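Q: sequence below, structure please.
(2 chains)
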Amino acid sequence: MERILSALKELGVEQYVITEKHTDSLECFYVKKNLDLTRRADTTVTTVQVFRPFEKDGVKMLGDSEATVRPGMPEGEIKKVIEKAWFAAQFVANPWYPLPAGVKGPAKPDEGGFAGKPLSEGMKTMAAALFAADTAKDVFLNSAEIFMRRTDTRILTSAGADVGWERTDVWGEYVCQCPAPVDVETYHQFNYRTPETAALTADAAHALEMTKARARAAAAPKTGTYTLVLDREQMRELLSYYVDRSSSSMIYQKYSPFQLGDNVQGGAAAGDILTIGLKATEPYTGYGAPMADRPLVDNGVLKTIHGGPRFAHYLGVEPTGNYRAVAVPTGDTPMEALTKEPCLYAVAFSDFQMDPLSGHFGGELRLGFLYENGTVTPVTGGSVNGSILDCQDRMTFSAERYRSADYDGPLAVRIEGVAVAGA
Amino acid sequence: MKVQESAFIAEKRPLLLKLRDALCAEFDYASVLAEDMTGKHYRVSRHSVSVGEGDTARGFVVKALDKGRYTEYSFTELTEASIPAVTAAVKDLLAADVRPADLGANAYVPPAEEPTVFTGTTEYEIDPEAMGDGAILDKLTALRDKGLAMDEAILDFIAQVTWQRYTKLFLSREKDMTQSVMYLDGAVAAAAAKGQEVKQAYVPCSGLGGLELMDSLEQSVDPCVKTVLDLLDSEPMIPGEYECICDPETTGMIVHEAFGHGVEMDMFVKDRALAPRYVGKYVASPLVTMHDGASSALQTATYFFDDEGTLAHDTVVIDKGVLVTGISDLQSALALGTEPTGNGRRESFARKAYTRMTNTWFEPGHDKLEDMIASVKYGMYLEDPSSGMEDPKNWGIQCMVNIAREIKDGKLTGRIFSPVVLTGYVPDLLKSITAMSDGTELSGSGFCGKGHKEWVKVSDGGPYIKATIRLG
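A: Modelled structure (predicted):
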């Protein structure tokens, strides 16, 4: 860090953000119930973002660029890479904006449940929790990848920030396989900051059950317009429309029409009224300012425009930092009522996507349950293609809750009038 | 001009040889991969200019085999004094208590290696660093201004380019290999608003080389703007099965997502792929011959050897409709008792190697595009694919495509549908191919993930194809 500060001083760089990240990662790769490979990654990366004020056509500008400083770089190379970024910044003609003030403080210790423990201990615990669900013969875990990752981050800025924090995560993915009557698989991810062994075992058990259902799903639903129920990670993706469209960069550049005080749900809603909170998942922003939970949408009305300092300044709003996690109040409708027939309950897609620019959402259906004529039929294949603009005023949220790393809210939503291309 | 070897790698080479020797003395097999990747990304839009680093990576990964167990250790700092610590870290990892007692471990044998000493470099015409940041941004700004000026309805016009240069050094007991590669990708993109919706069009460029490759963007501005204006009149797709003409980019996405992932042989090891049951059988129309390989084409996924020291291949995956073989990394080949095909790739030195695609493409046919369109009674011309997802176990396919242009009685009607989800059963789709145009184009502007992570640069493509596809 001292060598970087010295190079910045020599080059006359007065505004900067230095972010140093050290990661220690222990990784285990399983094929069926056998460990196939163990890895460790012990890496350090330091990025230096430099800001260069200048005038262009009489307008005050602030250009920026970045350099990566690697461990073991000699002083001459450190100065050279920063000098290249400093040179480039003079061509980055963006109207001036102030860097947000940061804070100073002692490094925050890890507050998660893996704090202070060897990564190998967490790895063994979480592997045991995952495979605890793998007890049946007709459906099983095909493979799994588990990553225990401890990260130390320090941010030092010219605007007064000097902060650091440590966190430990476990994250990973697993594939469930059911060989009969049709040999199928499903893909799943997890991410925890505490050893939530019961939750992982329960999620894996649910995933195995869904895989058995997919093996029984013989056909795609018929082409048509359906009342659709989406759940779990599809909920997070669906609601990302509101998070993305309320970012300062999208609003300033007119990719989003959202404004503070707007009813972003499109006016009078016949279904549930939307409330979304932004959850801070790191203690500080990328500029070393404290990060806090904020209301995003309250009863359908936009309360916060979020993002970094540049577009926030242009819009005259507070820079908040970048958010990825949301909290949403649950609704009043139990799942039993939410799945009232007729409806298509889509529980797994190959890759469910929301396009925040157009509001279109969809994907290929890997598993759904068709509720009609008094029966529940598993279906697979075909695709969903809907627009949130067409259905956001008729969303009904479940009373049941679902929590993951970036989502805490209703387990499911029921939306009407969604096109399905099927058999 | 030839791409210069990284000074960092050259300087570390004596230490890396010592590390290799120390590891080989300790373990049944050991290899060392050193990587130094640098690059720069330039982007200009109506309201924003940015210059940042592209993908950067500088570090090392060692792989060791001891008593049948493989382990890897990635790190960023190497000195004379740290060599024993690296060896100790690998030993610690092999001894680490990470596995619950009721789970087992796979056993491997060392790979058979032929003595190989190799140095390879790609070439370029215009050095991005010599051209300079200001000149590159000036070119991009001119493209942006041209795009913005074309129509008042244009909300934004983006011009961007990224160059990447890397050197990799691979050492094992028998191998000493170095390669230096430079590639570039760029794009122009236009956005226009239709009520609450913002429509986008995107035209990429890519290839091995330097800034000379961005010249093609100049010709892309007009079609990009025209397409986004067309999209303002687009309608929601009417779900159904259609006769389709796919442009080379859409063909490329089908090749990659529909079949490429399904023949990655680490999926064979896990019993996650249907393909092994179909080797020697028809899986596609006899018109289809499919390649994958870092040496099969000159594009952004071209290299001389993979991240496990296997020389690049040109693998014929499907020959005239018949599935011939898959593609493989080294460890999967050891598990299966097959030969690796130079497809062991890492996102960076800090990540695991998996079987990954490289340049993946269909050979051309003999048809003319205009004849192919004329042969469609009612159908769609598909272009501008945006993303896809594989399903190697069940050969399902999902591709998101931005534009479907209606064809009626052999003519484009001007009616447009967007967005479009392309789905289906892979062999059905590939067997439905009844015509292929007489040229192949590859695009290397995208990245490929393994599941939802492990991003590597790939290229894919092929000719225009005519097939029957379910659209929604």
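Q: tell me which residue of chain B is furthest from the middle?
A: Note on chain B: the largest C-alpha distance from the chain mean falls to B:Ala101, namely 38.9 Å (C-alpha atoms, centre = their mean).
Q: pLDDT score for that one?
A: At B:Ala101, the pLDDT value in this model is 94.
Q: just B:Val51 next, same as before
A: pLDDT recorded at B:Val51 is 96.
Q: which residues does the helix or strand where it lies contact?
A: Using DSSP states H and E, the element containing B:Val51 is strand B:49-53. Contacts with strand B:49-53, where a contact means C-beta atoms under 8 Å, 6 or more residues apart in numbering or on different chains, come from A:63-68, A:88-89, A:91-94, B:38-43, B:133, B:137, B:141. Where you see a C-beta, it was placed from the backbone N, CA and C, and this is true even at glycine.
Q: ok, now how distant is the residue farthest from the centre of chain B from A:Ala128?
A: Distance, B:Ala101 to A:Ala128, using C-beta to C-beta, to the nearest Å: 9 Å.
Q: same question for B:Ala335.
A: In terms of C-beta to C-beta, B:Ala335 sits 25 Å off from A:Ala128.
Q: equivalent analysis for B:Thr325, please.
A: 38 Å.
Q: could you list the low-confidence segments of the chain?
A: By default, I'm working from chain A. Applying pLDDT under 70 to chain A flags no residue at all.
Q: domains of it: list them as residue ranges, please.
A: Using automatic domain parsing, the domains assigned to chain A come out as A:2-212, A:213-235+A:331-421, A:238-327.
Q: what's near enough to touch B:Lys453?
A: By C-beta under 8 Å, 6+ apart, the contact set of B:Lys453 is A:173, B:347.
Q: the one 5 residues further on now?
A: Applying C-beta under 8 Å, 6+ apart to B:Val458 gives the contacts B:256, B:300-301, B:356-360, B:444, B:446-448.
Q: buried among those? Need that as a selection in PyMOL.
A: This is the PyMOL syntax for the buried subset of the contacts of B:Val458, where burial follows 16 or more other C-beta atoms under 10 Å in any protein chain shown:
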select buried, chain B and resi 256+300+301+356+357+358+359+360+444+446+448
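Q: from the contacts of B:Val458, which land in helices?
A: When DSSP state H is applied, the contacts of B:Val458 are split such that none fall in helices.
Q: from the contacts of B:Val458, which one has the minimum pLDDT?
A: Out of the contacts of B:Val458, that is B:Gly446, at 88.
Q: for it, phi and psi?
A: Here is the backbone geometry of B:Gly446 (degrees, to the nearest 10): phi -110, psi 170.
Q: and the top helix by length along chain A, what does it pack onto?
A: Scanning chain A for the helix with the most residues, using DSSP H, yields helix A:197-216. Applying 3 or more C-beta pairs under 8 Å, 6 or more residues apart in numbering or on different chains; DSSP states H and E, we find helix A:197-216 packed against helix A:119-131, strand A:140-157, strand A:162-178, strand A:184-192, strand A:343-349, strand A:360-372, strand A:375-379.
Q: picking that back up, need the domains of chain A in a markdown table with mean neighbour count, can you?
A: As requested, the domains of chain A are exported to a markdown table (neighbours: other C-beta atoms under 10 Å in any protein chain shown):
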| stretch | mean neighbour count |
| --- | --- |
| domain A:2-212 | 18 |
| domain A:213-235+A:331-421 | 20 |
| domain A:238-327 | 19 |
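Q: on that earlier part again, how about the helices and strands packed on helix A:197-216 in TSV, adding distance to chain B?
A: Shown next, in TSV, are these (distance: least, C-beta to the nearest C-beta, whole Å):
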stretch	distance to chain B
helix A:119-131	4
strand A:140-157	5
strand A:162-178	6
strand A:184-192	4
strand A:343-349	8
strand A:360-372	4
strand A:375-379	13
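Q: quick one: which of the ones you listed is nearest B:Phe268?
A: strand A:140-157 (12.2 Å; C-beta to C-beta).
Q: and that closest one, which strands flank it?
A: Counting by DSSP bridges, the strands paired with strand A:140-157 are strand A:15-31 (antiparallel), strand A:162-178 (antiparallel).
Q: what is the orientation angle of that strand with helix A:119-131?
A: Relative orientation of strand A:140-157 versus helix A:119-131 (axes from the mean of the first three to the mean of the last three C-alpha atoms, to 10 degrees): 140 degrees.
Q: pLDDT score for B:Gln196?
A: In this prediction, B:Gln196 carries a pLDDT score of 86.
Q: could you look up the SS state of the residue lying closest to it once chain neighbours are set aside?
A: Spatial nearest neighbour of B:Gln196, chain neighbours left out: A:Leu389 (5.3 Å); criterion: C-beta to C-beta, 6 or more residues apart in numbering or on different chains. Assigned by DSSP: H, G, I helix; E, B strand; the rest coil, the conformation of A:Leu389 is helix.
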